[in-house]
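Enquirer: sequence unknown, structure follows:
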């Protein structure tokens, strides 16, 4: 390697390191190194003089330096950078012109005209015939995406690569045709195979989706199952809500009755006027508790059925109350018979849904009555306590001797027998 080549290599490395945007994932110094290696591979296997070899090496090193300034027209910018650099290093004008011609030969849209141009073009596009083609291609796709130039899906990029390999690219040198073209064809075959496999998979998925949609449209089975599932789930949730409401009433009334027994009943001997309000209050609470218990009390049926009931489709095997006394063998036989007939299955689910609804209606009807009694009982009890207290206060005013009496109203309530004497 000549001194000029070493200086150029250092210059390009520093230029890319300091001035190249990080979004250039593909067009960077790694790509330049690969082009130089591929060029050396060609030069080692053809007859070429040292001067031309040096020109090609300089062009390979400098051909992408224009990316440090712009993407569009980077070849022209690379020529300017190369010219400035080579002139500073006192390279003769003919060499500079030859290097610039080789740089412009890397322009992918134009076909190379000279033998040196063909060599540098094959070196620049050598990745098409290399094992790292897939890696380099993916880096280029990502570079275009990151820079906002174009966004390709994997399938779109695969089609773009197939188009380039079949229509837009060709190797020009004998060495590239003999050594890189076979690998290029393998890369193309791999792309075509992947595309075919993907297309077959998509067709299969589309066919499955089509038949699945057609099955859904033609068969109401899914809709029927959804109906029963949703309806039964809603009934069970409503039953849980009803039980919760009943438990709340039971707890509240139990607390109220315990407080009445602990605090109010013991004072009725000396406060007879509170007997009726207390009785009303306690009675409303007891009735509410009883109705809450009735609403949540389970009702178990006989738990037995006969084979005739199963054959005549009269028994609902989805409800435990119809089979809890039967043996496992009998129940297994009955379920097997049930599953043989789709209409029998739906009939059993319909019965289960219907009777769950009947149970819910009974629960909510009793709960409505319970809440009504509890509410009215509370109102009447409060009114009764108010009336009793007011009436007892009026009687005290008649019994007391005058306004200056030493005994107070409260003392009279607590010791009525002394005042009467």
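Expert: Received the coordinates, thanks. Values in this document were obtained by computation on a predicted structure and should not be read as measured data.
Enquirer: The nearest residue to residue 345 once chain neighbours are set aside: helix or strand, and which one exactly?
Expert: Excluding its sequence neighbours, the residue lying closest to residue 345 (Cβ to Cβ, 6 or more residues apart in numbering) is residue 338, at 6.1 Å. The C-beta positions use only the backbone N, C-alpha and C, and glycine is treated the same way. Element membership for residue 338 (DSSP states H and E) is helix 328-340.
Enquirer: about what we covered before: what about the residue nearest to residue 345, how many residues close to it?
Expert: The number of residues packed near residue 338 is 19, by other Cβ atoms under 10 Å.
Enquirer: give the contact list for it.
Expert: Contacts for residue 338 were tallied using Cβ atoms under 8 Å, 6 or more residues apart in numbering; they are 310, 317, 344-345, 348.
Enquirer: can we see that at 10 Å?
Expert: Shown in contact with residue 338 (Cβ atoms under 10 Å, 6 or more residues apart in numbering): 310, 313, 315-318, 344-345, 347-348.
Enquirer: how close does it get to residue 122?
Expert: As for residue 338, its distance to residue 122 is 77 Å (criterion: Cβ to Cβ, to the nearest Å).
Enquirer: again, but for residue 287
Expert: Taking Cβ to Cβ, one finds residue 287 at 102 Å from residue 122.
Enquirer: Settle it for me: which of those two has more neighbours?
Expert: The residue with more neighbours, out of residue 287 and residue 122, is residue 122; 26 against 16, by other Cβ under 10 Å.
Enquirer: How much space separates that one from residue 8?
Expert: 21 Å.
Enquirer: again, but for residue 46
Expert: To residue 8, residue 46 is 22 Å away according to Cβ to Cβ.
Enquirer: give me the low-pLDDT residue ranges for the stretch 251-400 of the chain?
Expert: 300, 303, 321-322, 393-400 (pLDDT under 70).
Enquirer: And the helices in it?
Expert: Taking DSSP state H, counting those that start in this stretch to define them, one finds helices in the stretch 251-400 of the chain at 275-296, 307-311, 328-340, 342-399.
Enquirer: In a markdown table: these, plus distance to residue 105.
Expert: Listed next are those as a markdown table, based on distance: least, Cβ to Cβ, whole Å:
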| stretch | distance to residue 105 |
| --- | --- |
| helix 275-296 | 93 |
| helix 307-311 | 90 |
| helix 328-340 | 78 |
| helix 342-399 | 76 |
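Enquirer: out of those helices, nearest to residue 94?
Expert: Each of these has some distance to residue 94 by Cβ to Cβ; the shortest is helix 342-399, at 92.7 Å.
Enquirer: Mind giving me the packing neighbours of that closest one?
Expert: Where contact means 3 or more Cβ pairs under 10 Å, 6 or more residues apart in numbering; DSSP states H and E, helix 342-399 is packed against helix 221-259, helix 275-296, helix 328-340, helix 409-414, helix 416-420.
Enquirer: Between helix 342-399 and the longest one, find me the angle.
Expert: This means helix 221-259. Here the directions of helix 221-259 and helix 342-399 differ by 20 degrees (axes from the mean of the first three to the mean of the last three Cα atoms, to 10 degrees).
Enquirer: which of the residues in helix 221-259 are buried?
Expert: Neighbour counts over helix 221-259 (16 or more other Cβ atoms under 10 Å) mark 231, 235, 238-239, 242, 245-246, 249-250, 253, 256-257 as buried.
Enquirer: Repeat that for the second one.
Expert: Within helix 275-296, the residues that count as buried by 16+ other Cβ under 10 Å are 277-278, 280-282, 284-285, 287-289, 291-292, 295-296.
Enquirer: and those residues as JSON lines, adding distance to residue 222?
Expert: Shown next, in JSON lines, are those (distance: Cβ to Cβ, whole Å):
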{"residue": "277", "distance to residue 222": "61"}
{"residue": "278", "distance to residue 222": "61"}
{"residue": "280", "distance to residue 222": "57"}
{"residue": "281", "distance to residue 222": "56"}
{"residue": "282", "distance to residue 222": "56"}
{"residue": "284", "distance to residue 222": "51"}
{"residue": "285", "distance to residue 222": "51"}
{"residue": "287", "distance to residue 222": "48"}
{"residue": "288", "distance to residue 222": "45"}
{"residue": "289", "distance to residue 222": "46"}
{"residue": "291", "distance to residue 222": "42"}
{"residue": "292", "distance to residue 222": "41"}
{"residue": "295", "distance to residue 222": "36"}
{"residue": "296", "distance to residue 222": "36"}
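Enquirer: what's the closest of these to residue 327?
Expert: residue 296 (30.5 Å).
Enquirer: any idea how far that closest one is from residue 248?
Expert: Applying Cβ to Cβ, the value for residue 296 to residue 248 is 11 Å.
Enquirer: One more: residue 63?
Expert: Applying Cβ to Cβ, the value for residue 63 to residue 248 is 84 Å.
Enquirer: Could you list the buried residues of stretch 156-172?
Expert: Burial within stretch 156-172, assessed by neighbour count using 16+ other Cβ under 10 Å, is assigned to 157-158, 160-161, 165, 171-172.
Enquirer: swap in stretch 37-57?
Expert: Applying a neighbour-count criterion of 16+ other Cβ under 10 Å, the buried positions in stretch 37-57 are 38-43, 48, 53-57.
Enquirer: try stretch 294-311
Expert: For stretch 294-311, burial by neighbour count (16+ other Cβ under 10 Å) applies to 295-296, 305, 310.
Enquirer: The nearest residue to residue 347 once chain neighbours are set aside: neighbouring residues, count only.
Expert: Excluding its sequence neighbours, the residue lying closest to residue 347 (Cβ to Cβ, 6+ apart) is residue 313, at 6.1 Å. Here the number of neighbours of residue 313 (other Cβ under 10 Å) works out to 15.
Enquirer: What does residue 313 show for phi and psi?
Expert: Backbone geometry at residue 313, expressed as degrees, to the nearest 10, gives phi 60, psi 40.
Enquirer: List the contacts of it.
Expert: The contact partners of residue 313, taken as Cβ under 10 Å, 6+ apart, are 337-338, 341, 343-344, 347-348, 351.
Enquirer: Save the residues you listed as a markdown table, and put in distance to residue 185 too.
Expert: As requested, these are exported to a markdown table (distance: Cβ to Cβ, whole Å):
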| residue | distance to residue 185 |
| --- | --- |
| 337 | 67 |
| 338 | 65 |
| 341 | 63 |
| 343 | 64 |
| 344 | 65 |
| 347 | 67 |
| 348 | 67 |
| 351 | 71 |
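Enquirer: Can you say which of those are buried?
Expert: Neighbour counting over these (16+ other Cβ under 10 Å) leaves 338, 348, 351 as the buried ones.
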